[in-house]
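model the following, please.
(one chain, ligands or ions: 1)
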Amino acid sequence: MLNFYPGPSQVYPEVRDYLTMAYDEGMLSIPHRGERFVQMMRDLVGLMRNRLNIPQDYYIFFTSSATECWEILAQSLTPHKSLHLYNGAFGEKWYQYAKRLRPDCYGQAFGLEEVLDVPNIPVEEDTDLICVTQTETSNGTHVSMNTLLKLQNQFKDPLLAVDATSSMAGANLKFIRADIWFASVQKCFGLPAGMGVLVCSPRTIQRAKGLNDRRYYNSLVFLHEKMLNYQTAYTPNVLNLYLLKKVMEHRPLIKTIDQQLVQRAQDLYTFFEELTEMQLLVENPEVRSLTVVSVKGPDRWIAEAKRIAATQGITLGNGYGPWAKNTFRIANFPAIADSDYEVLRNFISNHYH
Ligand SMILES: *Cc1c(COP(=O)(O)O)cnc(C)c1O
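Numbers count the residues shown, from 1 in each chain. A predicted model of the protein is given here:
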């Protein structure tokens with residue numbers, strides 16, 4: 001079975017062994033206030049910094065999902081309002097959710113082919129956060145590191161918060177270009193769903209301490225206080241933490257992974273550009289995502305491609321939201337082998353040439 005679904009996505013094949021190791025080592029029932037847990041967490045945080053290039057002074061936390069991170073940011077860092085810049089379903093969902101918690105939140109949609117026009121973004125007074133979806137998984141666009149730099153330079157006071165759910169651990173993110181980054185492990189980390197990663201700048205933690213919101217079990221100040229001792233506020237997903245540590249131990253540095261994905265993305269984009277039966281959903285190469293490729297065609301054709309692929313054991317990702325019927329999505333995630341993409345290309349060439 002080949003699985004190109006962009007989340008939950010194919011897990012690393014090594015996960016099978018890591019699961020057995022977790023059981024055999026007795027990790028599945030260790031107390032989360034005990035020494036073994038603290039040691040594992042300390043190792044994990046160090047490995048994350050090393051492999052993903054997370055700055056020494058940034059803080060790393062673990063949550064139950066990316067969605068939970070949306071909630072934490074609204075509750076712990078948004079006394080007034082956040083601005084949401086979005087061009088697809090995940091960015092919009094984040095906006096809608098934040099607005100339910102903080103009614104003054106406001107949004108600015110931008111076009112699928114558009115590079116964010118930073119100088120002309122209307123930022124209102126008392127904006128606590130500017131929220132950007134780095135890779136919009138629903139349509140396969142991204143916001144570049146260069147655009148983040150422009151945002152950072154133009155708007156000094158609000159914290160810059162980035163949903164990197166389907167790029168963290170795949171793309172070489174420049175963490176210093178934003179204050180807050182978060183992701184879920186079922187995308188580029190190649191792990192089973194059910195855990196989120198939250199990375200915060202020193203300024204973010206200062207801000208959270210100043211606001212000192214302690215009303216929620218997952219208030220950022222609690223996460224921070226516990227993490228000072230490599231612990232968590234609640235009993236965490238120890239199995240997934242263990243799996244994450246194993247994956248981090250055995251994977252190359254992010255720079256190397258990024259280079260491999262860039263090459264593979266280029267190959268995929270070139271391949272689909274040359275086909276006449278279908279087009280790439282995103283025409284502007286500047287905003288095309290590294291990790292999610294969206295392919296567009298007539299509704300009938302897309303449905304048939306997915307059906308025939310399934311009979312050959314190939315799972316293509318369904319389109320999403322407004323593009324549900326006329327696109328399919330292909331994950332370009334590190335856990336998927338190069339040879340799988342060769343099978344995919346052969347399948348498409350044989351059927352549609
Ligand atoms: C998958 C995804 C989410 C949601 O992740 P959960 O783990 O379900 O909370 C949020 N944002 C983006 C961009 C995603 O791709």
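
going forward, measure contacts between C-alpha atoms and count neighbours the same way
Noted.

so which bits of this protein are right by the ligand?
Counting by C-alpha under 6 Å from any ligand atom, the residues of the chain lying close to the ligand are 65, 66, 67, 90, 135, 136, 137, 163, 165, 166, 184.

which of those fall in helices?
Secondary structure from DSSP state H places 66, 67, 90 of those in helices.

ok, of these, which one's closest to residue 116?
Residue 116 lies nearest to residue 90 out of those, by C-alpha to C-alpha, at 16.6 Å.

re earlier: make a ChimeraX selection of the buried ones in the residues of the chain next to the ligand.
Selection of buried members from these for ChimeraX, criterion 16 or more other C-alpha atoms under 10 Å:
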select :65,66,67,90,135,136,137,163,165,166,184
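
need the three-state assignment for the nearest residue to residue 338 once chain neighbours are set aside.
Spatial nearest neighbour of residue 338, chain neighbours left out: residue 264 (7.8 Å); criterion: C-alpha to C-alpha, 6 or more residues apart in numbering. With DSSP: H, G, I helix; E, B strand; the rest coil as the basis, residue 264 sits in helix.

you'd agree residue 264 is up against residue 332?
Yes. Contact criterion C-alpha atoms under 8 Å: residue 264 and residue 332 qualify, at 7.4 Å.

roughly how far does residue 328 sit from residue 73?
Using C-alpha to C-alpha, to the nearest Å, we find residue 328 at a distance of 31 Å from residue 73.

related to what we said a few turns ago, show me which of residue 264 and residue 332 is the more surrounded one.
The residue with more neighbours, out of residue 264 and residue 332, is residue 332; 29 against 18, by other C-alpha atoms under 10 Å.

so what's the residue count around the nearest residue to that one once chain neighbours are set aside?
In space, residue 332 comes closest to residue 291 once its chain neighbours are excluded; the distance is 4.5 Å by C-alpha to C-alpha, 6+ apart. Neighbours of residue 291 under the rule other C-alpha under 10 Å: 29.

and for residue 127?
19.

now residue 280, nearest residue through space, not along the chain?
Nearest non-adjacent residue to residue 280, counting by C-alpha to C-alpha, 6+ apart: residue 295, 4.6 Å away.

quick revisit: gap between the residue nearest to residue 338 and the ligand?
Distance of residue 264 to the ligand, given as C-alpha to the nearest ligand atom, to the nearest Å: 20 Å.

now swap in residue 293 and tell me
13 Å.

that residue: which element?
Secondary-structure assignment from DSSP states H and E places residue 293 in strand 292-296.

which residues does that strand contact?
Under the criterion C-alpha atoms under 8 Å, 6 or more residues apart in numbering, residues 6, 135, 137, 139-141, 166, 265, 268-269, 272, 278-282, 302, 319, 326-332 lie in contact with strand 292-296.

of all of the stretch 251-353 of the chain, which residue lies closest to the ligand?
Distances between the stretch 251-353 of the chain and the ligand by C-alpha to the nearest ligand atom are smallest at residue 292, namely 9.5 Å.

okay, now that residue: neighbour count?
27.

now do the one 10 residues further on
As a burial measure, the neighbour count of residue 302 was computed by other C-alpha under 10 Å and equals 20.

likewise for the one 10 residues further on?
Applying other C-alpha under 10 Å, we find 11 residues neighbouring residue 312.

picking that back up, which element follows the strand holding residue 293 toward the C-terminus?
Counting by DSSP H and E, what follows strand 292-296 is helix 299-311.

how about that next one: buried residues?
Residues of helix 299-311 classed as buried under the neighbour-count rule (16+ other C-alpha under 10 Å) are 301, 302, 303, 305, 306, 309.

ok, those vs residue 60, which is closest?
So of these, ranked by how close each gets to residue 60 (C-alpha to C-alpha), first place is residue 306, at 38.5 Å.

verify the stated contact: that closest one with residue 319.
No. Here residue 306 does not reach residue 319: they are 10.5 Å apart, not a contact under C-alpha under 8 Å.
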